[in-house]
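*Asks:* Following is a predicted model, sequence given first.
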Amino acid sequence: MTRLVMAVALIAVSVFPLIAQDSTPRVQAFGGYSLFHADNGGVNGLTLDEDLREPNSPFGTKDNFMGWNAEGQYNATRILGIAVDGGGRYGMPITESRFSKLAGLPNGNGYSLLVGPVLSYRTKSKLTPFIHALFGYDRVTVNASTITGLSVPVSSTATTFTDFALALGAGVDYRVLRMFSIRLAQVDDLETTHNLNHFYGTVFPTGVFEGLGTHERNVRISTGVVVSF
């Protein structure tokens with residue numbers, strides 16, 4: 001009887017990791033589309049007009065940017081994992097108002113690299129909800145250009161700022177096949193710490209920028225495909 005118990009225990013110890021591995025992927029890779037809603041920290045057409053001393057209200061701003069989001073995730077247990085998250089967004093942060101026709105507006109982009117823990121709720125259901133807290137850096141860039149269509153052309157200076165970032169978010173994956181899932185949605189409160197007074201003061205050194213945000217709460221919404229290994 002003792003040998004039988006020991007044999008059953010040995011089999012259980014040997015088989016359990018295999019069962020856990022089958023039900024919980026050790027590694028996941030996600031990639032897809034993201035929509036980034038930027039907190040402009042008080043920067044709008046009016047503030048640009050005033051700080052650059054431009055009459056006739058020529059400027060506007062944009063706050064929605066399209067881009068991508070990708071993650072690599074290692075699952076230490078059925079619940080706890082760690083993820084490395086990267087994202088990018090692209091577009092013109094400064095636009096023309098409906099009262100003007102401007103040319104040469106500078107292009108911009110932003111990239112983030114974050115890492116942190118993920119908690120997943122795995123059951124027999126095809127749906128796997130999760131939450132995560134990610135920490136890292138965000139880099140924003142505006143290119144050099146000469147904006148025309150103004151009373152006097154304005155030049156922007158190529159500027160890049162890299163600062164601390166934090167993303168608190170949640171999402172849900174829908175399993176289509178054993179190795180493939182669809183990330184129905186991932187929503188992140190992506191907080192950045194760019195000093196926009198210094199940033200726009202560098203982009204437009206001829207202007208005077210005060211009272212703008214130094215801590216931004218952006219929203220990032222992502223969807224795409226998850227591959228499990």
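*Replies:* Arrived safely, thanks for sending.
*Asks:* what does the model give residue 134 for pLDDT?
*Replies:* pLDDT recorded at residue 134 is 98.
*Asks:* Give me the below-cutoff pLDDT ranges for the chain.
*Replies:* The chain contains residues with pLDDT under 70 at 1-22.
*Asks:* which residues in it form helices?
*Replies:* Under the criterion DSSP state H, helices of the chain are mapped to 2-23, 45-51, 196-203.
*Asks:* Tell me the spacing between the residue nearest the centre of the chain and residue 177.
*Replies:* Centroid check for the chain by C-alpha atoms, centre = their mean gives residue 87 as the closest residue, at 4.9 Å. Distance of residue 87 to residue 177, given as C-beta to C-beta, to the nearest Å: 26 Å. Every residue, glycine included, has its C-beta placed from N, CA and C.
*Asks:* Equivalent analysis for residue 192, please.
*Replies:* Distance from residue 192 to residue 177, counting by C-beta to C-beta: 37 Å.
*Asks:* what does residue 140 give?
*Replies:* 38 Å.
*Asks:* Which of the two has more residues huddled nearby?
*Replies:* Neighbours were counted for residue 140 and for residue 177 using other C-beta atoms under 10 Å; residue 140 has more, 22 against 8.
*Asks:* Which residue is the nearest non-sequential neighbour of that one?
*Replies:* residue 110 (4.6 Å; C-beta to C-beta, 6 or more residues apart in numbering).
*Asks:* for that neighbour, what are its contacts?
*Replies:* Neighbouring residues of residue 110 by C-beta atoms under 8 Å, 6 or more residues apart in numbering: 36, 65, 67, 88-89, 138-141.
*Asks:* What is the burial count for residue 59?
*Replies:* The burial count for residue 59: 27, using other C-beta under 10 Å.
*Asks:* my read: it touches residue 45, true?
*Replies:* Yes. Counting by C-beta atoms under 8 Å, residue 59 does reach residue 45; the two are 4.5 Å apart.
*Asks:* any common contacting residues for those two?
*Replies:* Residues touching both residue 59 and residue 45 by C-beta under 8 Å, 6+ apart: residue 97.
*Asks:* The residue nearest to residue 171 when sequence neighbours are not counted: neighbouring residues, count only.
*Replies:* Nearest residue to residue 171, sequence neighbours excluded (C-beta to C-beta, 6+ apart): residue 186, at 3.3 Å. Close neighbours of residue 186, defined as other C-beta under 10 Å, add up to 24.
*Asks:* The one 4 residues further on now?
*Replies:* Other residues near residue 190 come to 27 when the count uses other C-beta under 10 Å.
*Asks:* I'd like to know the beta-bridge partner residues of it.
*Replies:* residue 167, residue 218 (DSSP bridges).
*Asks:* what's the answer for residue 139, then?
*Replies:* residue 111, residue 162.
*Asks:* I'd assumed residue 162 was in contact with it.
*Replies:* Yes. In this structure residue 139 lies within contact range of residue 162 using C-beta under 8 Å: 4.3 Å.
*Asks:* which of these two has more neighbours?
*Replies:* Between residue 139 and residue 162, residue 139 has the larger neighbour count (other C-beta under 10 Å), namely 17 against 13.
*Asks:* That concludes my questions; thank you for your assistance.
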